[in-house]
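> Sequence first, predicted model second:
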Amino acid sequence: MRLLIALLLPLLIISCDRTPNTPEAVAEKVLARLSSNDIDGAGKLFVRGESQVRWFKRYYDEQPIDQLFSGPVGNVFINGDEAVVTYTPAKTLFNAFGKEDLMLLKKEDGEWKADIEAAGRFKNAVNGGGVKTSLSLVGDSIDEVTRKLGRAPASVQEIVDHLEVAGAQSMVRNFTRNYDYHPEGKTIDGVSGVIFYSKRPYRYGMHLGATKDRLFLSGDGQVVIDEKISLF
């Protein structure tokens with residue numbers, strides 16, 4: 001009997017410690033370990049393992065990771081072998097989504113793993129001189145044309161035709177190659193008043209849309225994460 005218990009005990013320990021193979025469960029475990037400052041423990045659930053742990057320690061050096069990676073898990077969106085899990089930490093760092101944050105996960109050897117580095121790049125693309133900046137500039141152009149016409153421009157061409165600066169015209173053309181313009185506002189993915197909506201998924205299977213006061217990412221017809229903005 002003692003021999004049987006001795007043989008079964010390691011299996012029971014492994015079973016109890018094993019994380020269910022779902023994005024939500026993995027994200028919860030990563031957050032639990034990071035909120036306890038257990039970077040090496042969390043790194044066992046990172047894509048590329050030790051390589052990403054080294055990157056994490058450099059990038060978040062002297063940052064309050066126990067506050068940045070904490071809080072309850074919110075929405076979960078799965079797109080094949082990629083997933084997005086949102087959470088509400090005690091503190092955000094250069095975050096693109098106000099008080100909310102997101103974790104990106106990918107399947108590695110059939111198991112869900114967190115890709116913290118990719119999440120940082122993703123948020124920088126939205127916030128750090130990317131989508132938000134472009135939206136702000138396009139919004140300024142629409143505002144300028146609206147004042148000239150006494151109404152919202154009815155099409156992208158009408159915006160361009162009433163802009164005097166060639167750089168502004170080019171910027172509007174470039175932006176609207178990837179985004180549909182709905183001057184009257186349209187209800188998309190349960191969001192009313194959508195003015196811009198990506199023609200194709202922006203990243204990770206999610207579309208990006210914007211109203212006058214809201215920037216959002218959506219998948220499967222539902223908002224995954226959003227933030228208040230001021231378009232014009």
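That came in fine, so what should we check first?
> what's the domain layout of the protein?
With domains defined by automatic domain parsing, the chain comprises 2-124, 131-228.
> contacts for stretch 171-189?
134-135, 137-138, 141, 152-156, 159-160, 163, 192-200, 207-209, 211-212, 216, 218, 221-223 (CB atoms under 8 Å, 6 or more residues apart in numbering). C-beta: built from backbone N, CA, C; applies to glycine.
> Just those: which are in strands?
Counting by DSSP state E, the part of the contacts of stretch 171-189 found in strands is 192-198, 207-209, 216, 218, 222-223.
> The helix or strand encompassing residue 112: what's the following helix or strand?
Here residue 112, judged by DSSP states H and E, is contained in strand 111-114. Under the assignment DSSP H and E, the closest C-terminal helix or strand after strand 111-114 is helix 116-127.
> so the residue nearest the centre of the chain, which of the three states?
Geometric centre of the chain, nearest residue: residue 102, 5.4 Å, by CA atoms, centre = their mean. Taking DSSP: H, G, I helix; E, B strand; the rest coil as the rule, one finds residue 102 in the strand state.
> What ranges in the chain fall below the confidence cut-off?
Residues of the chain that meet the criterion pLDDT under 70 lie in 1-19, 94-95, 128-129.
> hey, which strand is longest across it?
Every strand in the chain considered (DSSP E), the longest is strand 179-188.
> Pairing partners for it, with directions?
Within its sheet, strand 179-188 is paired with strand 191-198 (antiparallel), according to DSSP bridges.
> what comes into contact with the strand it pairs with?
135, 138, 178-183, 185-188, 207-212, 214, 216, 218, 223, 231.
> repeat for stretch 28-35
19, 39, 41-42, 45-46, 65-71, 73, 87, 103, 114.
> Which among those residues count as buried?
39, 42, 45-46, 65, 68-71, 73, 87, 103, 114 (16 or more other CB atoms under 10 Å).
> can you put these in JSON lines and add distance to residue 57 and secondary structure?
Output for the buried ones among the contacts of stretch 28-35, formatted as JSON lines (distance: CB to CB, whole Å; DSSP: H, G, I helix; E, B strand; the rest coil):
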{"residue": "39", "distance to residue 57": "6", "secondary structure": "helix"}
{"residue": "42", "distance to residue 57": "11", "secondary structure": "helix"}
{"residue": "45", "distance to residue 57": "16", "secondary structure": "coil"}
{"residue": "46", "distance to residue 57": "11", "secondary structure": "strand"}
{"residue": "65", "distance to residue 57": "10", "secondary structure": "helix"}
{"residue": "68", "distance to residue 57": "14", "secondary structure": "helix"}
{"residue": "69", "distance to residue 57": "13", "secondary structure": "coil"}
{"residue": "70", "distance to residue 57": "18", "secondary structure": "coil"}
{"residue": "71", "distance to residue 57": "22", "secondary structure": "coil"}
{"residue": "73", "distance to residue 57": "24", "secondary structure": "strand"}
{"residue": "87", "distance to residue 57": "21", "secondary structure": "strand"}
{"residue": "103", "distance to residue 57": "18", "secondary structure": "strand"}
{"residue": "114", "distance to residue 57": "15", "secondary structure": "strand"}
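> ok, of the residues you listed, which one's closest to residue 81?
residue 114 (13.7 Å; CB to CB).
> And for the residue nearest to that closest one when sequence neighbours are not counted, the neighbour number?
Of all residues not flanking residue 114 in the chain, residue 30 sits nearest, at 4.8 Å (CB to CB, 6 or more residues apart in numbering). Residues within reach of residue 30, counting by other CB atoms under 10 Å, total 26.
> Help me confirm that residue 30 is found in a helix?
Yes - applying three-state DSSP, one finds residue 30 inside a helix.
> on that earlier part again, next, format the ones in strands among the contacts of stretch 171-189 as JSON lines and append distance to residue 50.
Putting those into JSON lines (distance: CB to CB, whole Å) gives the following:
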{"residue": "192", "distance to residue 50": "47"}
{"residue": "193", "distance to residue 50": "47"}
{"residue": "194", "distance to residue 50": "43"}
{"residue": "195", "distance to residue 50": "45"}
{"residue": "196", "distance to residue 50": "41"}
{"residue": "197", "distance to residue 50": "40"}
{"residue": "198", "distance to residue 50": "36"}
{"residue": "207", "distance to residue 50": "35"}
{"residue": "208", "distance to residue 50": "33"}
{"residue": "209", "distance to residue 50": "38"}
{"residue": "216", "distance to residue 50": "36"}
{"residue": "218", "distance to residue 50": "35"}
{"residue": "222", "distance to residue 50": "36"}
{"residue": "223", "distance to residue 50": "36"}
